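K.L.:
When you get a sec, could you give me coordinates for this:
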Amino acid sequence: MKSVDTIIIGGGPAGLSAGIYAMRSRLNTVLLEKYMPGGQMVITDFVENYPGFPQGVGGPDLGLAMEAQARGLGLEILSADVTSVDFTAEQKIVVTPEGEFHAPTVILATGATPRRIGVPGEDRLTGKGVSYCATCDGAFFRDKEIAVVGGGNTAVQDSVFLTRFADKVTIIHRRDALRATKILQERAFNNPKIEIAWNSVVTEITGEHKVQTLTLKNVQDQTEKVIPVDGIFVLIGTDPNTGFLRWMVALDPAGYIITDEDMQTNIPGVYAAGDCRRKSLRQMVTAAADGAIAAVAAEHYIEALGDR
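P.N.:
Numbers count the residues shown, from 1 in each chain. This is a model prediction of the structure:
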């Protein structure tokens, strides 16, 4: 069992930013990351919209820089899979196969996982034309032909957004009607750059070094066709990595952690930052901001404990 001031669960931009601010506040802090520090940054080939990098920056490079900055301030980063937590007492308990950690404050920065369609070529070409974020990657497809998988609000709204860059956007939807709100549907239907492949699913993504074609299957007559594209955006939702937190903190119906503007959950001393919390924009820059706010809030909470 190890006792510290703050436990950070998750090592993406939110967790690393929280670690940097916690160490600057002289909090004895440990960061627990299941895989490797950097989160989704390490599987993002290129980041074009992070402030301070006008020419863009490689996702792994940005992740390594954040990790190096945090370690340089003395942050302890451990490779550990959190199996359970107990937030019922003032000293919160975080359990891992490597042992228990106790602290009065915990920052949850566990992120969210984009839903995949699970077809051949998807994993191999992720970051090479396969994307899960229109805001992040849309500008890479200027004057190109791209596809969007999905029919909900995010897919349709982002399809309209992507027409700012692409020459053509094909929305691929497995049904014969979109699920997005009517006003978003109207914008898509009235946009000359958007076509819709109804009753269709992607069965394969092909390309040598980048996306080149998609194989589509019509779910009604089972016929297949191949269409050329330069990229595909899979926009069918994300799943927050919060399954181990049920009954411990308040979650919304989709499983995202509910916080106030200071990243405080419904449990005093427990904060959430980044993609795992309920918010309107999930980007690296907003995750980093969340982490900073959460760490400063944790510092104030610990100070208040000392004044009792």
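
K.L.:
List of residues touching the lengthiest helix in the chain?
P.N.:
If you go by DSSP state H, the chain has its longest helix at helix 284-306. Applying CB atoms under 8 Å, 6 or more residues apart in numbering, the contact partners of helix 284-306 are 5-6, 12-22, 25, 27, 41, 47, 49-51, 62, 90, 104-105, 107, 109, 261-264, 268-269, 271-275, 277, 279. All C-beta spots, glycine's among them, are computed from the backbone N, C-alpha and C.

K.L.:
wait, what's in contact with residue 89?
P.N.:
By CB under 8 Å, 6+ apart, the contact list for residue 89 is empty.

K.L.:
Using neighbour counts, trim the contacts of helix 284-306 to the buried set.
P.N.:
By neighbour count, with 16 or more other CB atoms under 10 Å, those hold 5-6, 12-22, 25, 27, 41, 47, 50, 62, 104-105, 107, 109, 263-264, 269, 271-275, 277, 279 as buried.

K.L.:
where does this structure have low pLDDT?
P.N.:
Within the chain, the set of residues satisfying pLDDT under 70 comprises 43, 45, 307-308.

K.L.:
dump the residue contacts of residue 209.
P.N.:
Contacts of residue 209 by CB under 8 Å, 6+ apart are residue 128.

K.L.:
quick one, strands of the stretch 1-150 of the chain?
P.N.:
Ranges of strands within the stretch 1-150 of the chain are 2-3, 6-9, 29-33, 76-79, 84-86, 92-96, 99-103, 105-108, 112-114, 130-131, 145-149, based on DSSP state E, counting those that start in this stretch.

K.L.:
got these as a markdown table, with distance to residue 204 columns?
P.N.:
Below are those laid out as a markdown table (distance: least, CB to CB, whole Å):
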| stretch | distance to residue 204 |
| --- | --- |
| strand 2-3 | 48 |
| strand 6-9 | 37 |
| strand 29-33 | 33 |
| strand 76-79 | 35 |
| strand 84-86 | 40 |
| strand 92-96 | 39 |
| strand 99-103 | 44 |
| strand 105-108 | 37 |
| strand 112-114 | 19 |
| strand 130-131 | 12 |
| strand 145-149 | 13 |
